[in-house]
Structure formats: C-alpha cells, structure tokens
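>>> Build the 3D model from these lines:
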Amino acid sequence: MPQTLEVIATVLFAVAVLHTFSVPFFARLAHRGGPHAGFWHLFSEVEAVFGVWAFALIVTMAALAGPSSAIEYMDTRNFTEPLFVFVIMVVAASRPILELVGLAVRVVARALPLPRELATFFVVMALVPLGGSFITEPAAMTLAAILLRDAYFRTSGRAGFKYLTLGVLFVNVSIGGVLTSYAAPPVLMVATTFGWDSTFMLQHFGWRAAVAVCLNAGLLTFICRKALMERSVGTGGGVDGPEGADKRPPVPAVVVLVHLAFLIAVVLTAHHPAIFLGLLMMFIGFAEAYKRHQNRLMIKEGLMVGFFLAGLVVLGGLQKWWLQDLLGGLEPFVLFWGATALTAITDNAALTYLGSLVEGTSEAWRYMLVAGAVTGGGLTVIANAPNPAGFAILKNHFPGGSISSGRLFLSALGPTLVAAVMFLLPV
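Below is the predicted model:
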C-alpha cells in the first residue's frame, strides 16, 4: 500500500498536469489586469507549474514528516538534468553558435532540389533534430526553436502553421536523439543497465528515427508549402536573414570556434554538474569580454526551464509506487502504446528509468519501453525534457502569448503516429 506522502505526491502531480492544460485560462485572467494580475501571470507560466507544485509537496512533507525528512528527500534527488538543460540552453543560444548552425542549414538547403524557402524549412525541421543525437536533444531543441522563431514565427497570426510546426518539432527532437546512446534523456537513463551502446542504438532505433524525422519534416513542408512560399524568410537573424536581419558584421571565426569548444565541452561533461557549471561561468565571462559579438544570453529562459524540470524531478520521485507495477505487468506490444500514452503525462526519462528497475524483462520488452517513451515525447510540454526549452523560446509568438496544451497535443498526434509506425516495423 502506498504511504500517505506518496498519495499526496500523486495528487499534486495530477494537479500539476491539469495546470499545464489550464495555462491559457490563467493567461486570460492575467491580461485582464487587476490587483492579482501578477499572481495569475505566475500561474500562466508553464515553466513555473511543476516548480510551484513541487514547492507545495516539500512544504506538505515538512509539515507531516518534519523538516529533516523534506531536506533529506531533496538531498536524494538528482538535479543534473535540469542543470544541464539550463547550461546548454545558454551556450547553444549564443549568437556565434546560431550563426554557425544557420550557415550549415543554408549549405545543406542549397544542395536539395527544392525551392530555397521549402528546402530551408525542411532542413531546420529534419537536420537540426537529428543533430540532437550528437549535441544532445536540449541543444538541438534550443537551436531549432530559435531558428524557427527568428525566421518563421515573428509574423503575427498563422496559428495553425505554428501549432503544426511545434508539434512536429517536439516529436522530431524526441525521436531524433536516439541515433546514439547518450543524447536522448530516456535512452541515457537505461543505456548502461540494458547494455546498449551507440552501435546498438543506430542499428535498432537510429535508422527508424531518421526515416520518421524526414517523413514528418517532409509532410509538414508539403502541407505548409503555400504559406512558406508566400512569405519572405529572414527576420532578426533567422535562417537566411536578408531583410531586417542583424546588420552587425559577422562574428569572427575565432569567436565562433571558442563558442563551439564551450558547447562540445559542456556536452562531454553532461554528467558532471561541477564541471559544466564551471564552464558556464567561464563562458559568461568570455561572452561579456566580447559583448559586441553577442546577443542577450538566455539566462532567464534557461533558469525557468531548469525550474520546470527540477519540479518534475521532485514530484516524479514519488510516483514509483504506481508506475513501476503498471509497466511491469504489460506485454511488449501493449507496453509500447502504454509507454507512449504515459509519456504524455510523465517525463519519458523517468518512465524508462522506472522500467529499467523491473526485473526479468526480455529484450523485446525493453525495446518497446524505450520506443514508446520516445514516440510519445512530443505530445505535451512535460513529455520530454527539452520540450520546455522550445516552449519558452516560442510561446510569446503564439496568439495571446501562450501555447494551448490541447492544440499542441492534437498537432503532435500525426507525427507521433508516423514515429509509431516506424518503431513497430519488423526488422
């Protein structure tokens, strides 16, 4: 039987999930003004949702079991992932890295037998998410979201186009990181336990994911081809950047190389917070020294995303009592769809970690667990760790300055089914 605190934690977790779907309601209350507008604005920030309810859990724990129990629980949580996402967002979103990625996108786009506008959009939606297998999914999400924001999302309206694009982006980033064993959080949580290396991931997951990513990007480009051809790409330092782009001289190659070195160093030390946080301090110092080559660093946005993920860690740590038994009792094929659905309401990395604790599982069961977890990683903002980063970067360019969780879910259903078909194909 679950303990009282576990039941309370599950109730608060459910409330937090419902809160994410209610964000547009609180945003409308905030926009009306009044003496409590600031309070409603706090509740309308998706990045704050899980942090707020995690705080409520810790206060409840301290009241029922004593402050020492609450402190002990917090000391046993692993906050490496929230810290890493914060750091990688700040580094990857810097102007030199964006210019480098923008150049790579343009070079690849020119090689495709498509009009420039369609080719560029396809490359952003396909190549950048697949790059997450090497630079990590949070970095890929940050880069893709900024490129989309600057090149496509600044135009007011076009809500349908924006939601379709966001749905494909979230799904493609979730499945695009499985070509290696270290870049996707749900894979990283089980790779050592299951004995999966990057060769295994490429053979069993990678090619399927690559086909699904390209199919999703291609279908989206075809559906939105009219809108893409009608508008002029490139505002404020976007992918192509001609009209209204950044008028400053290009970033010197030496500065770009230094930023790239910082990015690689952060990726290589992703499991060592003391090191990558130290690298961040050095990076901020270098960016300040060469401020003329920088945009504003995304420190506030990164901190908010880190707060969101930290709250998810705190609340998710007490869900084992029902999740693990549920996963262990499912057959492989049922497990795939169960993991896909459960990922929508839990973090997929937490889901695969709990699944890795189930003893006596077959290789087919393990495959279906991870495949289902990454397949459902685009359905909601909480489904995959990088999603809050993309959400934070793009939300202000949606109607009302907020993203509807319901419309995001519907927009992600199509690309999720494409991914599901690919992962269920027999070898």
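
>>> For the stretch 51-200 of the chain, just list every one of the helices.
Listed from the start of the chain, the stretch 51-200 of the chain has helices (DSSP state H, counting those that start in this stretch) covering 67-75, 80-92, 95-111, 116-135, 137-148, 159-176, 185-188, 191-194, 198-201.

>>> Please identify the deepest-packed of those helices.
Comparing the helices of the stretch 51-200 of the chain by mean neighbour count (mean count of other CB atoms under 10 Å), helix 137-148 comes out on top with a mean of 29. Placement of C-beta: from N, CA and C, glycine included.

>>> Give me the helices and strands touching that one, please.
Packed against helix 137-148 by the contact rule (3 or more CB pairs under 8 Å, 6 or more residues apart in numbering; DSSP states H and E) you find helix 80-92, helix 95-111, helix 116-135, helix 159-176, helix 387-394.

>>> Flag every buried residue along stretch 418-427.
If you call a residue buried by 16 or more other CB atoms under 10 Å, then stretch 418-427 has these buried ones: Val418, Ala419, Ala420, Met422, Phe423.

>>> where's the helix or strand encompassing the second one relative to the chain centroid, distance-wise?
When elements are assigned from DSSP states H and E, Ala419 belongs to helix 405-424. When C-alpha coordinates are averaged (CA atoms, centre = their mean, to the nearest Å), helix 405-424 and its chain have centres 15 Å apart.

>>> report the angle between the axes of that helix and helix 387-394?
Counting by axes from the mean of the first three to the mean of the last three CA atoms, to 10 degrees, helix 405-424 points 130 degrees away from the direction of helix 387-394.

>>> Kindly export helix 405-424 (C-alpha atoms) in CSV.
Extracted C-alpha coordinates of helix 405-424, given in CSV (Å, rounded to 0.1, in the frame of the first residue of the first chain):
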residue,chain,number,x,y,z
SER,A,405,-1.6,22.3,-24.4
GLY,A,406,-4.7,20.8,-26.1
ARG,A,407,-3.8,22.2,-29.6
LEU,A,408,-0.2,21.1,-29.1
PHE,A,409,-1.4,17.5,-28.3
LEU,A,410,-3.6,17.4,-31.4
SER,A,411,-0.8,18.9,-33.6
ALA,A,412,1.6,16.2,-32.4
LEU,A,413,-0.7,13.3,-33.0
GLY,A,414,0.1,12.9,-36.7
PRO,A,415,3.9,12.9,-36.4
THR,A,416,3.6,10.7,-33.3
LEU,A,417,1.7,8.1,-35.4
VAL,A,418,4.4,8.3,-38.1
ALA,A,419,7.1,7.6,-35.5
ALA,A,420,5.0,4.7,-34.0
VAL,A,421,4.7,3.0,-37.4
MET,A,422,8.4,3.2,-37.9
PHE,A,423,9.3,1.8,-34.5
LEU,A,424,6.8,-1.0,-34.8
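
>>> Run through who's touching that helix.
20-21, 23, 163-164, 166-168, 170-172, 175, 205, 208-209, 211-212, 215-216, 219-220, 336, 340, 344, 371-372, 374-376, 378-381 (CB atoms under 8 Å, 6 or more residues apart in numbering).

>>> Ok, stretch 308-317 next?
For stretch 308-317, the external contacting residues (CB under 8 Å, 6+ apart) are 9, 12-13, 16, 46-55, 57-58, 73-74, 76-79, 81-82, 85, 346-347, 350, 382, 385, 388.

>>> what do you get for stretch 27-36?
Contact with stretch 27-36 is made by Ala37, Gly38, Trp40, His41, Phe43, Ser44, Gly400, Gly401, Ser402, as judged by CB under 8 Å, 6+ apart.
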